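Peer 1: Here's a sequence, model it:
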Amino acid sequence: MILYGHPFSSYTWKALIPLYEKGIDFEFRILGDDHPEHWEQLRGHWPRGQMPVLVNRERGVFESSIIIEYLDLAYPETAQMIPDNREAALQVRLMDRVFDCHLEASFQAAVSEYIPFITKTPDPLRVERARATLSTIYPWLEEQLPEDGWACGDAFSMADCSGAPALFYADWTQPIPDECIKLKAYRARLLARPSVARCVEDARPYCSYFPLGAPNRD
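Peer 2: Numbering: from 1, shown residues only. Presented below is the predicted three-dimensional model:
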């Protein structure tokens, strides 16, 4: 099994975390200027060339949520990231979408303003709108999250695979306010989880890539 991605990519984290949780052996092929052949291999499975892409028995699987669902189906004997109960699974998928569509999308919008091949000149208004969106969603998450445990109960799930990178980088973009006590505690629990901590450590050499400035607190 091969995973194509980059250690500093939030969506790559989302695919790495369940692989680590499940204890599945795989080869991590880093995408970057040092390995142009990896980009060519990835595009052979997904012409859009977006990371991450998982390849298993010549089958390419892309989109991070789908990769997680695929791993659950392909390895039913491992820790399942989506519960069998349909109502519980619905809540996991909902939180997965919230983290991706409202946190990930917002901090990515702010970061994209500083990426030259996307935007020639950063627009401060667009950055502020992205930060404002994060400030809006933080109190909602504070109300939804439990006092302890994970996003959707006692079991670590796909929602947490999504929440870990989303909250890691969102907090760098727009710091979580002190009054969001449960949200800050949840982020701390995520970063202490071995599968997530491994992603954080592997990303450290690339912190200078973060155009808004990486804080020295994680």
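Peer 1: What are the buried residues along the worst-scoring helix or strand of the chain on mean pLDDT?
Peer 2: When the helices and strands of the chain are scored by mean pLDDT, DSSP states H and E, helix 105-112 comes last with a mean of 93. For helix 105-112, burial by neighbour count (16 or more other CB atoms under 10 Å) applies to Ser106, Phe107, Gln108, Ala109, Ala110, Val111, Ser112. In short, each C-beta sits where N, CA and C put it, glycine included.
Peer 1: next one: stretch 47-64
Peer 2: Of the residues in stretch 47-64, Met51, Pro52, Val53, Leu54, Val55, Asn56, Gly60, Val61, Phe62, Glu63, Ser64 count as buried by neighbour count, 16+ other CB under 10 Å.
Peer 1: Three-state assignment for the closest residue to Lys184 other than its chain neighbours, please.
Peer 2: Spatial nearest neighbour of Lys184, chain neighbours left out: Ile176 (5.3 Å); criterion: CB to CB, 6 or more residues apart in numbering. Using DSSP: H, G, I helix; E, B strand; the rest coil, the secondary structure recorded for Ile176 is coil.
Peer 1: show me what contacts Asp160?
Peer 2: Going by CB atoms under 8 Å, 6 or more residues apart in numbering, Asp160 touches Ile17, Trp150, Ala151, Cys152, Leu190, Arg193.
Peer 1: And for the third one, the neighbour number?
Peer 2: This points to Ala151. If you count neighbours by other CB atoms under 10 Å, Ala151 ends up with 27.
Peer 1: Hmm, Ala164 and it touching each other?
Peer 2: No: applying CB atoms under 8 Å, one finds Ala151 not in contact with Ala164, separated by 9.8 Å.
Peer 1: For the chain, give me the ranges with low pLDDT.
Peer 2: Applying pLDDT under 70 to the chain picks out residues 117-119.
Peer 1: which stretches of it form strands?
Peer 2: Counting by DSSP state E, the chain has strands at residues 2-5, 27-30, 53-56, 59-62.
Peer 1: And for the first one, what's in contact with it?
Peer 2: Think strand 2-5. For strand 2-5, the surrounding residues in contact (CB under 8 Å, 6+ apart) are 11-12, 15-16, 19, 26-31, 38, 41-42, 51-56.
Peer 1: Can you get me the centre-to-centre distance for it and its chain?
Peer 2: Centroid separation between strand 2-5 and its chain, computed with CA atoms, centre = their mean, to the nearest Å, is 15 Å.
Peer 1: thinking again about what came up before, who wins for proximity to Asp96 among the strands of the chain?
Peer 2: Asp96 lies closest to strand 59-62 among these, at 15.9 Å (CB to CB).
Peer 1: Within the sheet, what are the partner strands of that closest one, with directions?
Peer 2: With DSSP bridges as the test, strand 59-62 is paired with strand 53-56 (antiparallel).
Peer 1: Where is the longest helix in the protein?
Peer 2: helix 124-144 (DSSP state H).
Peer 1: Name the residues of that one that are buried.
Peer 2: Val127, Ala130, Arg131, Thr133, Leu134, Ile137, Tyr138, Leu141, Glu142.
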